[in-house]
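*Asks:* coordinates only, no sequence provided:
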């Protein structure tokens, strides 16, 4: 329980003067006696009523203290916070990107996010409505402006994560459209991060619910092929997203056969690059990460431990370079391109027709 005006709790100090007054107050009672033998009682009474003696039980004192306590609590305005989604239009952005498959939160980040979304749907007020947007490479609306809790929960239960990145720009545009002209709409973003700094602003109140508490992850961030002199050139990047240095074995297969395996030490927050030359008949390259022998490697996101790339070699072609005097630099650049045969024609010569595989 909290208080809207906790400063008024200082008024409890008024109890001190009340107690002091009762401690200093004399409590005398007239009584006729028939013997001086009873003067001992009078002396005892005077001792009991001397200042700063122990308080006696007094109903009036207790009532005054109780009244003061009630007055102080009323002025402090106590309240109990309750988790409730605001009434009106509520839009939930549910992150379903690849990183939400991480298992640092049991059973996964995405399942934890779905549980939070279900709680929001259950807490939706009767006069409110909710829109659920699944944030994927192609964000889509699961439910639009509904106050049917069963429909909302079923849509959340059927949602599945992806293995791609989240398109937050499109998701924010959908949220803006869902909020429409609603007065003070509420947008709840359930995500493990990655929202760009230049994301468009949202109207009304925006709440961010973070998911995940660990960053231990080593993954293949890039796998690409480009033409080379003796075959395709393989380029692979391994990024350490964690907070500690980590060792990993990178295994490459060409057309299903083992081609290369090497151990890499990747510093925390850094990226290691590997460049190799493949075979001329290379078609498919598979990259995989694994832990060195005897090493305990913690990876909460194993999805990015594998990657594939397909090589499409460029077809041979001819390039027509039109120049009156020629340009050695441009001709050398064209000659260095694989699969390209350049030839030059003067500017005043008639242009030949461009058959297939000739660029004019």
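*Replies:* Thanks, I have it. Computed from a predicted model, the values in this text were never measured in an experiment.
*Asks:* list the helices and strands the longest helix along the chain packs on?
*Replies:* The residue-count maximum for a helix in the chain (DSSP state H) belongs to helix 59-76. In terms of contact count using 3 or more C-beta pairs under 8 Å, 6 or more residues apart in numbering; DSSP states H and E, helix 59-76 is assigned the packing partners helix 15-24. C-beta coordinates here come from the backbone N, C-alpha and C atoms, glycine included.
*Asks:* next one: the helix or strand hosting residue 119 to chain centre, how far?
*Replies:* For residue 119, the host element (DSSP states H and E) is helix 109-122. A distance of 13 Å separates the centroid of the chain from that of helix 109-122, by C-alpha atoms, centre = their mean, to the nearest Å.
*Asks:* look up how far residue 201 lies from the closest residue to residue 108 other than its chain neighbours.
*Replies:* Using C-beta to C-beta, 6 or more residues apart in numbering and skipping residues adjacent in sequence, the residue nearest residue 108 is residue 101, 5.9 Å away. Going from residue 101 to residue 201 by C-beta to C-beta, to the nearest Å gives 29 Å.
*Asks:* got it, and residue 110?
*Replies:* From residue 110 over to residue 201 (counting by C-beta to C-beta), the distance is 26 Å.
*Asks:* same question for residue 207.
*Replies:* With C-beta to C-beta as the criterion, residue 207 and residue 201 are 14 Å apart.
*Asks:* what's the residue nearest to residue 305 when sequence neighbours are not counted in contact with, if anything?
*Replies:* Closest residue to residue 305 apart from its sequence neighbours, by C-beta to C-beta, 6+ apart: residue 289 at 4.3 Å. Under the criterion of C-beta atoms under 8 Å, 6 or more residues apart in numbering, the contact partners of residue 289 comprise 218-220, 238, 248-251, 305-306.
*Asks:* one step back: other SSEs contacting whatever helix or strand comes next after the helix holding residue 119?
*Replies:* Past helix 109-122, further along toward the C-terminus, the next helix or strand under DSSP H and E is strand 129-135. Counting contacts by 3+ C-beta pairs under 8 Å, 6+ apart, strand 129-135 packs against strand 89-95, helix 109-122, strand 140-146, helix 149-158, helix 168-179.
*Asks:* and stretch 198-208, what's its mean pLDDT?
*Replies:* Model confidence over stretch 198-208, given as mean pLDDT, is 89.
*Asks:* same question but for stretch 231-241, I mixed them up
*Replies:* Along stretch 231-241, the predicted confidence averages to a pLDDT of 90.
*Asks:* buried stuff in it?
*Replies:* Judged by neighbour count (16 or more other C-beta atoms under 10 Å), stretch 231-241 contains these buried residues: 231-234, 236-241.
*Asks:* list just the nearest of these to residue 105.
*Replies:* If you rank those by distance to residue 105 using C-beta to C-beta, residue 241 comes first, at 15.8 Å.
*Asks:* quick one, what contacts that closest one?
*Replies:* Remark: with contacts taken as C-beta under 8 Å, 6+ apart, residue 241 is in contact with 215-219, 269.
*Asks:* ok, residue 193 next?
*Replies:* Under the criterion of C-beta under 8 Å, 6+ apart, the contact list for residue 193 reads 99, 210, 212.
*Asks:* of all the buried residues of stretch 231-241, which comes closest to residue 181?
*Replies:* Each of those was checked against residue 181 using C-beta to C-beta; the closest is residue 241, at 41.0 Å.
*Asks:* tell me how far the closest one lies from residue 299.
*Replies:* Taking C-beta to C-beta, one finds residue 241 at 10 Å from residue 299.
*Asks:* mind listing the shared neighbours of those two?
*Replies:* By C-beta under 8 Å, 6+ apart, residue 241 and residue 299 have these common neighbours: 216-218.
*Asks:* neighbour-wise, which of those leads?
*Replies:* Taking other C-beta atoms under 10 Å to define a neighbour, the member of the shared contacts of residue 241 and residue 299 with the most is residue 218, carrying 25 neighbours.
*Asks:* distance of that residue from residue 309?
*Replies:* Taking C-beta to C-beta as the measure, residue 218 and residue 309 are separated by 19 Å.
*Asks:* ok, back up a step: now intersect the contacts of residue 241 with the strands, please.
*Replies:* Mapping those onto strands (DSSP state E) picks out 218-219.
*Asks:* quick revisit: next step: the buried residues of stretch 231-241 restricted to strands.
*Replies:* Among the buried residues of stretch 231-241, the members falling in strands are 233-234, 236-240 (criterion: DSSP E).
*Asks:* pLDDT below threshold where in the stretch 101-250 of the chain?
*Replies:* Using pLDDT under 70 as the threshold, the predicted model of the stretch 101-250 of the chain has low-confidence ranges 214-215.
*Asks:* repeat that for 90
*Replies:* Per-residue confidence of the stretch 101-250 of the chain (counting by pLDDT under 90) places the weak regions at 102-106, 123-128, 163-165, 180-184, 192-201, 203-204, 212-219, 221, 226-232, 240-246.
*Asks:* at which residues are the strands of the stretch 251-360 of the chain located?
*Replies:* Under the criterion DSSP state E, counting those that start in this stretch, the stretch 251-360 of the chain contains strands at 257-266, 271-277, 284-290, 306-310, 317-322, 340-345, 358-359.
*Asks:* please identify the deepest-packed of the ones you listed.
*Replies:* Most buried of the strands of the stretch 251-360 of the chain, by mean neighbour count (mean count of other C-beta atoms under 10 Å): strand 284-290, with a mean of 18.
*Asks:* which neighbours does that strand have in its sheet, and in what orientation?
*Replies:* The pairing partners recorded for strand 284-290 under DSSP bridges are strand 246-254 (antiparallel), strand 306-310 (antiparallel).
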